[in-house]
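>>> Below are the sequence and a predicted model for it; my questions follow.
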Amino acid sequence: MPSAQHVMLAIHVKRTDNIELKNPILSYIREQYGDRDAEDCVDDLAAIQTLRNEIVTSQAGSQLIIKDTYIKYFKCLTAIETRFPISNEKGNVRISFPWTDAFRPNKRTSQYNIHFEKAAVLFDVAAVLSQQALQVERSAAEGITQAGKLFQEAAGMFAHLKENEASKVDNPRPVDLSPECLSMMEKLMLAQAQECVFHKAVMDKKSPGTLARLAKQAGNMYGEVSAIFNQPAVVQHFERSWVAHTQMKAALYDVNALMEQGRQYNSETKIALEVAVLSEAFKRMQSVKALAKAVSKEMAESLKGQEEQLTVALTKAQKDNNAVYLERVPVFADVPAIAPALVVKPAPPTNLDASTENLFSGLIPDSSAKALSKYTDMVDSLSREQLGKLAEATDAARLALKQADLPDLLEALDGSAAASVPEGLLRDMEEVNTIGGTQHLREILQEMGELRHHVDADLAACQTALDEEAAADVAARSTYGDEWRVPQSSTLAKHLWEKLHSYRSTMSQAAESDSKVIQRMNENEAAFAALTPDAAASQLPRLQAPLVSTGPADPAVVVASLRRNMEALDQLSSERAGLEEALKELKAKDNILPKLMAAGSSNTDTLFDRELKKYDEIKADVARNVARNTELLSAITRDAQAFKAVFEVPAWRASCEAAAAGIKGALKTYKEVLDHLTEGLRFYMSLQVCIWVNGAVGWDLTSATHGRC
């Protein structure tokens, strides 16, 4: 059965079809250089064609063989890139590279772009590394260490891909090669590497404090991955199980960190702190179980052992504190936070250097290839600089709009629901809805009912055993009379009956407490169901212009100016996207190899200066866009200040906060009911351990019965 503690994810490979590489490039060589040069390249091209065919046919074979084939082929592609222009342009080598999306195999993209081919190959190398990590036997120290290294290598490959080949892929770029997806894959691989380090530390019997710090970092890293799943570029692209898996892992490693921190406090005889962190861990474990169910039933079942272990530890800590230490248990918010320990990082690839590949050396001199590589680096540097300026402008706009509460204020003026809900309140409601809202309470209540049923059955079994023992005693006395010298059942089993009555009394009190919590939940069910942004917004005041404007600014003019500048800012954003695309297209068409070979090695710098001038127009457009972006942001900031003054936004915010008191009250009640139910669940689990029929009472009864023989 898969275990929530040990299950990890591997990345699917992108798949491709057979294509013809050899003949299109040979045709280009014949046209540009002649038949003799083409014949000299036949063997090299045949070897490259064979490598690609092997990739197609062996994707279901040995991962090690596939990885080596991918890397050899990537080096060949680098050699091709510096010598032959591949594009859909007339006069270039026309080869279309088809690849499926790794996460949506039914989606296929084809591009006349060698960087798309190189990006797909690197993606698959990283995917194969992740698959190798999962196939390692991770139950031994050597295996878990090897898996951690492979995950870090996969992370390094994804990072290298994102920073290099993926940025040169044509738009529309496949989702699995988008910056968001590649960042997520890198972070996922690192999170799993950190998890491997945690398991290795457990095997090595490291201190609980160290384990807590490692687990906390793993939880944080899984949380970062989970957050990326909500970004617009990828939110609809992955199966729900992937999202649920990372959410579950983030929550689970938070629980692991708390449990290990509890052990650390126990070793330091800080029992009150131990009770505080274990109580919080038990509460969070209920959310972990809910998230695990979204992955699979088996995943949720695998948590039972850990939950029982947590219950036993918490029960013991509470008992020790109540009987011996008598310390005040602090609220969890006052407990020192666990400092996370990051011990993994991406391992950059070291096997992609193609300088040792001796391909096409008779066709194109090495000096020309090196000069072309130098020019390509110069263009890449220019491109990065211009793209960086565009990205900085986009970031500046995003930050300025956030500081100005835009477009939230305009959306609130237009009647948008979420825009009027205070941010903290909105975050709390999203947390409630994430764990399932009222349904989550019902599930805990159902689990409590099942546990109570088991406890009642155990108590009934104990009483039946005691009754049978008493009846046997009566029968023996009737048969043997005064010769039956064993103490009477009522005397021998007195302490067992007292214990049984005590348990029944405790169950009666628990039932009364459960009834009150259930009543409170039922009374507030409608309020709990209304803990959604839309329902909350309907209870809050709308943002609108005052009936009488006392300031110098006309509300309608302020709004019109703000909308006009916001629209202009949107147009600038679209223009930046167009500039990025134009820059990439110009790079794709920038083939100076024929000019390099004609110019000779002595005139390359002059040629480079002349060729780079073709980028001057785009550089000027970028500069104008960035300057206009700065002007608009300044105007929008002024307009936003005027808007807040005219529409009395601070007063409206205060009114929303005041009107949200009822919603906050419902949230507070929800959390209290959740706490009571969670505590009730822990109580029944603890009680079941104490009165299990083969445990406390049953074992004492067996001893008593043997005493009669």
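Okay, I see it. Because the structure is predicted, anything quoted here is derived from the model rather than measured.

>>> Now Ala400: which helix or strand?
Following DSSP states H and E, one finds Ala400 within helix 366-403.

>>> What's the mean pLDDT across that helix?
Averaged across helix 366-403, pLDDT comes to 89.

>>> Which element is encountered next along the chain beyond it?
Toward the C-terminus from helix 366-403 - assigned by DSSP H and E - lies helix 408-413.

>>> Quick check: which helices or strands does that following helix pack against?
helix 555-589, helix 616-646 (3 or more C-beta pairs under 8 Å, 6 or more residues apart in numbering; DSSP states H and E). Every residue, glycine included, has its C-beta placed from N, CA and C.

>>> As CSV, those with distance to Ala294, mean neighbour count and mean pLDDT would be great.
Below are these laid out as CSV (distance: least, C-beta to C-beta, whole Å; neighbours: other C-beta atoms under 10 Å; pLDDT from 0 to 100):
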stretch, distance to Ala294, mean neighbour count, mean pLDDT
helix 555-589, 36, 16, 91
helix 616-646, 40, 17, 95
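
>>> Which one of these lies nearest to Glu137?
In terms of C-beta to C-beta, the element of these nearest to Glu137 is helix 555-589, at 44.7 Å.

>>> just for this protein, where's the confidence low?
Scanning the chain for pLDDT under 70 picks out the ranges 1-2, 60-65, 361-362, 364-366, 417-418, 547-551, 597-602, 692-709.

>>> Longest helix in it, by number of residues?
Among the segments of the chain that qualify as a helix by DSSP state H, the longest is helix 437-480.

>>> That one - contacts with which helices or strands?
helix 271-295, helix 489-492, helix 494-523, helix 525-529, helix 661-691, helix 696-708.

>>> Out of the ones you listed, indicate the one that is most buried.
Stretch with highest mean neighbour count among the helices and strands packed on helix 437-480: helix 271-295 (a mean of 22; mean count of other C-beta atoms under 10 Å).

>>> immediately after that one, which helix or strand?
helix 297-301.

>>> what comes up buried for the helix holding Ala400?
368-369, 371-372, 375, 379, 382-383, 386-387, 389-390, 393, 397, 400-401 (16 or more other C-beta atoms under 10 Å).

>>> among those, which two are most distant?
Spatial extent of the buried residues of helix 366-403 (C-beta to C-beta) is set by the pair Ser368 and Leu401 at 49.1 Å.

>>> Buried residues in stretch 107-116, which are they?
Those would be Thr109, Gln111, Tyr112, Asn113, Ile114, His115, Phe116, for stretch 107-116 by 16+ other C-beta under 10 Å.

>>> again with stretch 217-227
By neighbour count with 16+ other C-beta under 10 Å, stretch 217-227 contains the buried residues Gln217, Ala218, Gly219, Asn220, Met221, Tyr222, Gly223, Glu224, Val225, Ser226.

>>> could you list every residue that touches the first one?
Listed by C-beta atoms under 8 Å, 6 or more residues apart in numbering, the contact set of Gln217 reads Gln194, Pro340, Ala341, Leu342, Val343.

>>> so which helix or strand takes in it?
Element membership for Gln217 (DSSP H and E) is helix 208-228.

>>> So the nearest residue to Met429 once chain neighbours are set aside, which state does it fall into?
Excluding the flanking residues, the one nearest Met429 by C-beta to C-beta, 6 or more residues apart in numbering is Leu531, at 5.0 Å. Secondary structure for Leu531, judged by DSSP: H, G, I helix; E, B strand; the rest coil, is coil.

>>> hang on, Leu531 packs against Ile663?
Yes - using C-beta atoms under 8 Å, Leu531 makes contact with Ile663 at a distance of 7.2 Å.

>>> Can you check which residues contact both of these two?
Joint contacts of Leu531 and Ile663 (C-beta under 8 Å, 6+ apart) are Met429.

>>> need the contact list for Arg213.
By C-beta under 8 Å, 6+ apart, the neighbours of Arg213 are Ala257, Ile338, Ala339, Pro340, Ala341.

>>> again with Asn321
Contacts for Asn321 were tallied using C-beta under 8 Å, 6+ apart; they are Ile271, Ala272, Val275, Glu327, Val329.

>>> Which one of the residues you listed is nearest to Ile691?
The shortest approach to Ile691 among the contacts of Asn321 belongs to Val275, at 22.6 Å (C-beta to C-beta).

>>> I'd assumed Leu314 was in contact with the closest one.
Yes - the pair Val275 and Leu314 qualifies as a contact (C-beta under 8 Å) at a distance of 7.1 Å.

>>> Now do the buried residues in stretch 87-105.
Those would be Ser87, Asn92, Val93, Ile95, Phe97, Pro98, Trp99, Thr100, Asp101, Ala102, Phe103, for stretch 87-105 by 16+ other C-beta under 10 Å.

>>> Can you tell me which of these end up in strands?
Among those, DSSP state E puts Phe97, Pro98, Trp99, Thr100 in strands.

>>> How about the second one: what's its closest non-neighbour residue?
Right, the one you point to is Pro98. The spatially closest residue to Pro98, leaving aside those adjacent along the chain, is Ser110, at 4.3 Å (C-beta to C-beta, 6+ apart).

>>> Please, which helix or strand holds that neighbour?
Assigned by DSSP H and E, Ser110 belongs to strand 108-111.

>>> list the helices and strands that strand packs on?
On a contact count with 3+ C-beta pairs under 8 Å, 6+ apart, strand 108-111 meets strand 97-100.

>>> Dump the C-alpha coordinates for the strand it packs on into CSV.
Extracted C-alpha coordinates of strand 97-100, given in CSV (Å, rounded to 0.1, in the frame of the first residue of the first chain):
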residue,chain,number,x,y,z
PHE,A,97,10.2,18.9,-34.4
PRO,A,98,7.0,17.3,-32.9
TRP,A,99,6.7,16.7,-29.1
THR,A,100,3.8,15.9,-26.8
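
>>> Going forward, count from 309.
Got it, first residue is 309 now, which makes that one strand 405-408.

>>> And it, what does it pack against?
strand 416-419, helix 422-443.

>>> from the chain's centre, how far out does that strand sit?
Relative to its parent chain, strand 405-408 has a centroid offset of 27 Å by C-alpha atoms, centre = their mean, to the nearest Å.

>>> got a list of contacts for it?
Residues from elsewhere that reach strand 405-408 (C-beta under 8 Å, 6+ apart): 322-325, 327, 414-422, 424-425, 428, 482.

>>> if we go to 7 Å?
With contact meaning C-beta atoms under 7 Å, 6 or more residues apart in numbering, strand 405-408 is reached by 322-325, 327, 415-419, 424-425, 428.

>>> try stretch 963-973
Outside stretch 963-973, the residues that reach it (C-beta under 7 Å, 6+ apart) are Ser728, Pro730, Leu733, Ala844, Gln847, Leu848, Pro849.

>>> at 10 Å what do you get?
Residues from elsewhere that reach stretch 963-973, judged by C-beta atoms under 10 Å, 6 or more residues apart in numbering: 720, 728-730, 732-733, 736-737, 832, 835, 838-839, 843-845, 847-851, 956, 975.

>>> First-to-last residue distance for it?
16 Å (C-alpha to C-alpha, to the nearest Å).
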